[in-house]
Structures are given as C-alpha cells and as structure tokens.
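1. Can you look at this prediction? I've put the sequence above it.
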Amino acid sequence: MSDSQHIGTDADTTDASFQERAAHYEALVDTMEERAAEIRMGGGQERIDREHERGKLTARERVEYLVDDAEQFNELGLFAGYEMYEDEGGCPAGGTVMGLGPVEGRTCMIVANDATVKAGAWFPITAKKNLRAQEIALENHVPILYLVDSAGVYLPLQDEIFPDKDDFGRIFRNNARLSSRGIPQIAAIMGSCVAGGAYLPIMSDEAIIVEGTGSVFLAGPYLVKAAIGEDVEAEELGGAVTHSEISGVVDYKAEDDEEALDTMRALVDHQGPVERFGYVRQEPVDPAYPAEDLYGLYPSTGGEQYEMREILARIVDANSWTEYKQDYGRTMLTGYARIDGWNVGVVANQRSVVRNRTDHQSKGEIQVGGVIYSEAADKAARFVLNCNQKEIPIVFFQDVTGFMVGKRAEHGGIIKDGAKMVNAVANSTVPKLTVVMGNSYGAGNYAMCGRAYDPRLVLAWPTAKIAVMGGQQASKVLKQIRVRQLEKQGKELSEEEEEELLSRIQDRYEKQTTPYYAAARLWVDEIIDPVDTRSWLSTGLDMVDHNPELERFNPGVFQT
C-alpha cells in the first residue's frame, strides 16, 4: 500500500476573491502573450518580406520547418534583450531564436540567428543567449543545431562582447568542449557567416551550406580589399561552390533553405543511440485538480498568504505526494512527488501563516509565510541530501522574501542554518529545476536554487519578482541614503519632495524587479503561463535524463 498523501481541495470558483484574483492573473497572462507576439515579429514585417524576396525563410520559419511538431518546440529566452538597447533600435529576442524541440524524435537544442534583427548581428545579450544554449546542451547531453545567418559582432558594442571570459570567444571554446564530450553539433550556413563567427559552424561536427545565400569567410570582400588589395566577389571568396568543391570546408551543399533543413533532419536521424541516465518515470497521472485554478488561487499581490499545497495539487500527479517532516519547519514544504510520471523531490516556500508547534526556539510563535526560518532551512538541507542519496531530480518552487532576521533568529543560529541549506543546494549534483512563482529576494533566491546555483532550467511566472530585497524596503533605504547625502551638502527636502523622491525610487526599483527585466537579462530562461508549468517541467525532466553521467555528491563541511 502506498504512503502517498492526497493534497489539495476543490477550489470555490464562485468565490468573489477567487474570481478577482483569476481576472487579475489572466490579464497578466494576456499582457505576456501580447508582448511575446510583438517580439516574435523580430525586425518587423518589412524585413521579413525582404528575407522572403531573397528566397530565404525567417529564423522562426526555419525552426518550424525543422522540428517534428511546432507545437512541441519550447522556446527559451524569448524575452532576452527586452527593452534593452533602445538607443540601438532594440534587439528582439536577442536576435536569436532558441529552444528545445524534437527532430526525428530526438530532443535537440536549436539556435537560429534572426537576420531580420540587425542582419543577425551579435549584441552582448546575443552572445549570452548562445552561451546559455550551449550550457544546456553540455549539461544535458542534447544535440545542438545551429541555423547560422549573421553579420557578425555588432561593432558599436564590440567592447561588451569580444574579450571577456563569457563573451563571444567562449562560444568557440564551447564548440570544442561539446565535441570532446561526444555531444552532436550540426550547423547550417543559411546566410552570412563572417569573421570570428565563421568558426562556429566549422567547429561543429558537420556543416551544410545553402547555394546563393550562404557564405562563410574570415574576412569579407571589403576587408580583403583593404587588407591585401585583392578584388574578389563574396560568392567566389566564400560561397557554397567554393567551400563544397574547392576548400572542402563544408560537408553538404543545398539548393535552398528547405533542402538544408531536410539534410539536417537526415543527419540527426543517422546519429547513434540516445543514452539516458534512467531517472524513474512511471505512467503519468493527471493532477487531482485543474491547472486553470492556479489563476484564482495565487494572490494578486506579493504580500498575501496562500496555501502552497493547493498550488502543488494542480501541478503534481494525483496521489503522488509524500511530505517530508510535515510538522517541522513549516514555512518550507519538502516532499516527494511525480510530475507527468517523473519521480522528483520538491522544495517549496510555504506562504501561509503558520504556528510552528515543534521548534523549541520559536516556542510556538506565529511565523510569516515566505520567510525561511532556521528549522525550515535545516529541513530543506537534509531533504536535498536525501534526494542526492536517492538520485532523483529536485524541483524548487520559489516565493521567498529571504531568511528570518532579528535577535531571536540570530541567537538561534539563522546564519548557520541558512549556510547549511545554501551549501547543500550548491553541492547538489542531481539535476535541479526552478520555478519562480513570486518573490525571490536576497539569499532566499540563492538557497532556493536561483540562477547562480546551476539549475538546468529556470522558469518564471508573470508574478515573479527577483531582487536583493522587496521594493518597499529597498526604496525606503535608498531614499534615506539619498536624503542624508543631500543633508551633507546643506540641502533639506520638504515632505513633498521626499515623497516625490521616494516615488521615483520605487518606480525604478519596481521596474527592475519585474519578470521581464529578469528575462531580458537571462536571469530566467522563460516567462511561462502558470497553467503550462507541469508540461514545461516534464520537458525539463526529459531533457536532464539525456545525460547518462552523474557527478559524485560531496556536501563539504556542515556546521551542525
């Protein structure tokens, strides 16, 4: 007989507060989809038409043609570069389409330059996004397919993209590392491929080039003329005939985009066996309650309390939940569950106000949800160790304002217990996936496996907020600092001026904590509709299973 527990209850969808929250969240999702649709237009209809006139497909059309089913393509980094580079005319989606999709039944990472955005030129965020694609391929042993069509580095910003460790050159280093690990890389040269960018397709395992539109060379005709005085046309210098018949640089020649993509599909089909680690997956069972309830269950403001088990009941398989230390450290939920059949450990912040009945330090005091107390940190650390012992992936659900502060917390050793949790998460070797539902503040972000702690996938709901602390607290601190600076200069603000200063600081800070600000900088991989959380996590869990290797877990030194 199973020891799994049923969690969740039927939602009262007729309740006025439920309907109000649902309407608010649906409006957030509508906004997200409107912005996403605009981004998918890339450089605009005029530039899309220009690509078609040249006999080329756009980046998104190429991806749609390549994958087995466009509905199964999970795009990552769609909001990369959002509201950045406005002085440069913008860089929608970082000038690159990237995501996971099935090609000949095999999960692949696909990276396609968008030539409608500055001719596919590389901005700093473009490099960061491509590096993230390679990181995902390396961590999870999934093939990576490059659809190359780029004018090279965006020269006005060259100082921000060229020389540093995680800049443009790291991409070619990763090409070499991927190859050494036996992770397939296939490139299709479907447009310009210039200068340093020429190395990316040629350092791939196999390269395809399209006649008439594809070209690859270290220096284009103008630079060749300036450097050595030689007159040469682009096609003769580095076109399809040159590199397939004379230099031997590429392996396959195609008449058009479609033939190049057909060739790429054939090459994927001719790859060797898919090795998997073998993470446990049973027959999937639908959640006990509909995912659409999430809109009305999740609060419309970050300070409201709610029951996290009700959220999980709409994501995990019905009757698969087994809670760990249920009555201890109750502002943190830990337990085992299945998500679309995949066996996982779950670490989730509990946002309901609870009375901790067991901890001698708190003496039964009321505890605020979303805060990590000492006993919650201790519980989570131990649970992470158990998941590593059992070799099962961990899914983190973030809605955390940070660790508890104050005299009682400090005397109780909050720093020690917090460090214990951070240590366990940092040294964990089983795959980790993170969903940022709401607040993700300060060290709470770290302990709950934020970007810096190597989650294989980071997803954000439209209500996510990532910052060192909450907006209200931060803006008041910043206002006080500014007022003191002005006082030292002999200036005194009126009450109205102080309020105006506070309002300006709050507006700026709030903008910097939105999920769009985070996604623009790739702190998260994608902003998703909460209803799709389960399917995204299932895709991520299938992805991590492609890596047959698992590093030995060593938690290091714990202070007890």
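-> Good, I have the coordinates. Numbering: from 1, shown residues only.
2. Helices along the stretch 251-400 of the chain, start to end?
-> Using DSSP state H, counting those that start in this stretch, the helices of the stretch 251-400 of the chain run over residues 257-269, 294-297, 308-312, 374-390.
3. Let me have the ones you listed in CSV, adding distance to Pro201 as columns.
-> (C-beta placed from N, C-alpha, C; glycine too.) Formatted as CSV, these follow (distance: least, C-beta to C-beta, whole Å):
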stretch, distance to Pro201
helix 257-269, 12
helix 294-297, 42
helix 308-312, 44
helix 374-390, 39
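4. between these, which gets nearest to Pro462?
-> helix 294-297 (10.5 Å; C-beta to C-beta).
5. For Gln367, list each beta-bridge partner.
-> On the basis of DSSP bridges, Gln367 is bridged to Val354.
6. Give me the neighbour count for it.
-> 22 (other C-beta atoms under 10 Å).
7. Would you check that it makes contact with Met332?
-> No: in this structure, Gln367 is not within contact of Met332 by C-beta atoms under 8 Å, at 10.5 Å.
8. Need the residues that contact the top helix by length along the chain.
-> Criterion DSSP state H: the longest helix present in the chain is helix 16-39. With contact meaning C-beta atoms under 8 Å, 6 or more residues apart in numbering, helix 16-39 is reached by 11-13, 78-79, 82, 92-93, 294-300, 462-463, 516, 527, 529-530.
9. and stretch 280-297, what's its mean pLDDT?
-> Mean pLDDT, stretch 280-297: 98.
10. Would you mind giving the helices of the stretch 251-400 of the chain as JSON lines with distance to Asp68 and mean neighbour count added?
-> Putting those into JSON lines (distance: least, C-beta to C-beta, whole Å; neighbours: other C-beta atoms under 10 Å) gives the following:
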{"stretch": "helix 257-269", "distance to Asp68": "9", "mean neighbour count": "19"}
{"stretch": "helix 294-297", "distance to Asp68": "29", "mean neighbour count": "23"}
{"stretch": "helix 308-312", "distance to Asp68": "31", "mean neighbour count": "21"}
{"stretch": "helix 374-390", "distance to Asp68": "33", "mean neighbour count": "22"}
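11. between those helices, which gets nearest to Ala112?
-> Using C-beta to C-beta, those put helix 257-269 closest to Ala112, at 10.4 Å.
12. Can you get me a residue count around Val232?
-> 14.
13. Which pLDDT value belongs to it?
-> 89.
14. my guess is it contacts Tyr222, does it?
-> No: checked against C-beta under 8 Å, the pair Val232 and Tyr222 is beyond contact range at 10.3 Å.
15. quick one: Ala121 from Glu245, how far?
-> 29 Å (C-beta to C-beta, to the nearest Å).
16. got it, and Met264?
-> 21 Å.
17. In the stretch 401-550 of the chain, where is pLDDT below threshold?
-> Scanning the stretch 401-550 of the chain for pLDDT under 70 picks out 469-479, 483, 486-487, 493, 497-498, 501-502.
18. Tell me where it has helices.
-> Under DSSP H, counting those that start in this stretch, the stretch 401-550 of the chain gives helices at 407-411, 414-427, 442-447, 471-488, 495-512, 515-520, 533-544.
19. could I get those as a markdown table with mean neighbour count and distance to Val210?
-> Shown next, in a markdown table, are the helices of the stretch 401-550 of the chain (neighbours: other C-beta atoms under 10 Å; distance: least, C-beta to C-beta, whole Å):
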| stretch | mean neighbour count | distance to Val210 |
| --- | --- | --- |
| helix 407-411 | 12 | 62 |
| helix 414-427 | 20 | 45 |
| helix 442-447 | 22 | 44 |
| helix 471-488 | 14 | 50 |
| helix 495-512 | 14 | 42 |
| helix 515-520 | 22 | 32 |
| helix 533-544 | 21 | 29 |
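20. Right, I'll call it a day here.
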